[in-house]
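Engineer: Next comes the sequence, and after it the predicted model I'd like to discuss.
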Amino acid sequence: MNAPVRIDLNDATSFPSRRVETWKYTDLQRGLREAPPPSPPGVVDGGGPFLPLGGDGVVFANGRAVGADAYVGRGEKTLRLRFVSDAVGTGHTTTVRIAAQADADLLILESHEGRGSAYAAHNHLTIDVAARARVTRIVLVEEPEDAVSITEARVNVGEGGVYRQTILTTGARLQRLETRVVHEGHAADVRMDSLYLLSGNRHTDQTSVVDHVGPNGLTSQLTKGVVRDTARGVFQGKFIVERGADGTDARMGHHALILGERAEVDAKPELQIYADDVQCAHGNTVGNLDEAALFYLQQRGLPLDEARALLTEAFLREVTDRIEHSAARDLVNQWLTARL
């Protein structure tokens, strides 16, 4: 698998520029010209958006662990993982490792809660899904319009493991949510979905790489986005099927709506296949709301703004409706509706 760029917030020379192919749409060197001073200790209050769903809580405030910085899942567990950025003009880095043991069923409810302004946050997650374990990761990201944030997740899925991921974000000044998966195959099953809803001058980069290294693996990926005003959405998805990963079934789709004349969407789906007897496909569409559907709803008495919101939500709900945990799905849909 292509090696990720190693970023150190304390070293501005490590910031990738648009000259780095995988970062050409998200120029961190331009967006963060100097290394920011370290963030002070942050303040944590409340329980975060997933509090009603219970479970164990792990919190990081401005990069500092409030409790443990690692979590081991055994049996059936729920983990509320909070990344709280309470800073102004400073930077912080967080590192956390999560391991789901064999036959475990772990639900990760992850929130990125941005306060203050103009901060830089860099989050590293390592998630190990052991053989026959099941991990569901649901992520809500809400940050200030002038923040810079990078979140990198490294996921290893063992034989027969199941990994489900859904990310929802409203963007930031410069934001990248990157997931890299090593897929062991042998009936392992991965689904990685995401949704972005951008307005103003916000930017998000949804980048993912799934490396199939064993046979008979399954991957499904669906990303949908809506951009307004001068916002910019980026999707970069890559499936790699290594030699010996015969029987791989991998499907990728990205679909976006542009609702502003100056809004922008950049999409780069890729397949690299070195094995035989595989089923792999990708699709990408970018367009506007269906004018006929808008006209139909207006003819039924709905104001134009309400009709647009209704159609937009229906478009995005295809992603959230794939969340299998019913209580989490309901909460996420409420979060989405509130932002439309």
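Structural biologist: Sure, I can see it.
Engineer: And the lengthiest helix in the chain, what's buried?
Structural biologist: The helix of greatest length in the chain, counted in residues with DSSP state H as the criterion, is given as helix 304-320. Buried residues in helix 304-320, counting neighbours by 16 or more other C-beta atoms under 10 Å, are found at Ala307, Arg308, Leu311, Thr312, Glu313, Phe315, Leu316, Arg317, Val319, Thr320. (Glycine included, C-beta is placed from N, CA and C.)
Engineer: and if you look at stretch 76-88?
Structural biologist: Lys77, Thr78, Leu79, Arg80, Leu81, Arg82, Phe83, Val84, Ser85, Asp86, Ala87.
Engineer: helices or strands next to the longest helix of the chain in the packing?
Structural biologist: Based on contacts counted as 3 or more C-beta pairs under 8 Å, 6 or more residues apart in numbering; DSSP states H and E, the elements that helix 304-320 packs against are strand 162-169, strand 189-198, strand 218-227, strand 249-258, helix 291-299, helix 326-339.
Engineer: try 6 Å
Structural biologist: Applying 3 or more C-beta pairs under 6 Å, 6 or more residues apart in numbering; DSSP states H and E, one finds that helix 304-320 contacts strand 189-198, strand 218-227, helix 291-299.
Engineer: mind checking pLDDT for Val226?
Structural biologist: Confidence at Val226, expressed as pLDDT, is 97.
Engineer: before we move on, what about the one 5 residues further on?
Structural biologist: In this prediction, Ala231 carries a pLDDT score of 98.
Engineer: Run a quick neighbour tally on it.
Structural biologist: A count of nearby residues for Ala231, using other C-beta atoms under 10 Å, gives 27.
Engineer: what does Arg329 give?
Structural biologist: 17.
Engineer: Could you tell me how far it is located from Arg317?
Structural biologist: When C-beta to C-beta, to the nearest Å is the yardstick, Arg329 and Arg317 sit 10 Å from each other.
Engineer: next one: His92
Structural biologist: As for His92, its distance to Arg317 is 34 Å (criterion: C-beta to C-beta).
Engineer: ok so, going back, now, which of the buried residues of stretch 76-88 lie within strands?
Structural biologist: Among the buried residues of stretch 76-88, DSSP state E puts Lys77, Thr78, Leu79, Arg80, Leu81, Arg82, Phe83, Val84, Ser85, Asp86, Ala87 in strands.
Engineer: The last one against Tyr119, yeah?
Structural biologist: Yes. A contact is recorded between Ala87 and Tyr119 when judged using C-beta atoms under 6 Å, the distance being 4.0 Å.
Engineer: buried sites along stretch 13-20?
Structural biologist: With burial defined by 16+ other C-beta under 10 Å, the residues of stretch 13-20 counted as buried are Phe15, Pro16.
Engineer: Nearest to Glu264 among the ones in strands among the buried residues of stretch 76-88?
Structural biologist: Using C-beta to C-beta, Ser85 comes nearest to Glu264 of these, at 25.7 Å.
Engineer: what's near enough to touch the closest one?
Structural biologist: Gly114, Tyr119, Ala121 (C-beta atoms under 6 Å, 6 or more residues apart in numbering).
Engineer: hang on, isn't the second one packed against Val84?
Structural biologist: Read it as Tyr119. No. Applying C-beta under 6 Å as the test, Tyr119 and Val84 come out as separate, 11.0 Å apart.
Engineer: Would you check that Gly91 makes contact with Ala120?
Structural biologist: Yes. At 3.8 Å, Gly91 and Ala120 qualify as touching, with contact defined as C-beta under 6 Å.
Engineer: So for the two, which residue has more residues nearby?
Structural biologist: Ala120 (25 against 22).
Engineer: so what's the more buried one up against?
Structural biologist: The contact partners of Ala120, taken as C-beta under 6 Å, 6+ apart, are Leu32, Pro36, Gly91, Val148.
Engineer: Which of these ranks first by neighbour count?
Structural biologist: When neighbours are counted by other C-beta under 10 Å, Val148 leads these with 24 neighbours.
Engineer: pLDDT value on it, please?
Structural biologist: What the model reports for Val148 is a pLDDT of 98.
Engineer: Check the helices and strands packed on helix 304-320 for me: which has the lowest mean pLDDT.
Structural biologist: Of all those, helix 291-299 has the smallest average pLDDT, which comes to a mean of 81.
Engineer: Give me the angle between that helix and helix 304-320.
Structural biologist: Compare the direction of helix 291-299 with that of helix 304-320 by axes from the mean of the first three to the mean of the last three C-alpha atoms, to 10 degrees and you get 120 degrees.
Engineer: returning to what we had before: could I get the ones in strands among the buried residues of stretch 76-88 in JSON lines, plus columns for distance to Val141 and pLDDT?
Structural biologist: Supplementary listing: these in JSON lines, determined by distance: C-beta to C-beta, whole Å; pLDDT from 0 to 100:
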{"residue": "Lys77", "distance to Val141": "23", "pLDDT": "95"}
{"residue": "Thr78", "distance to Val141": "19", "pLDDT": "96"}
{"residue": "Leu79", "distance to Val141": "17", "pLDDT": "95"}
{"residue": "Arg80", "distance to Val141": "15", "pLDDT": "96"}
{"residue": "Leu81", "distance to Val141": "12", "pLDDT": "96"}
{"residue": "Arg82", "distance to Val141": "12", "pLDDT": "97"}
{"residue": "Phe83", "distance to Val141": "9", "pLDDT": "97"}
{"residue": "Val84", "distance to Val141": "12", "pLDDT": "97"}
{"residue": "Ser85", "distance to Val141": "11", "pLDDT": "97"}
{"residue": "Asp86", "distance to Val141": "16", "pLDDT": "96"}
{"residue": "Ala87", "distance to Val141": "16", "pLDDT": "96"}
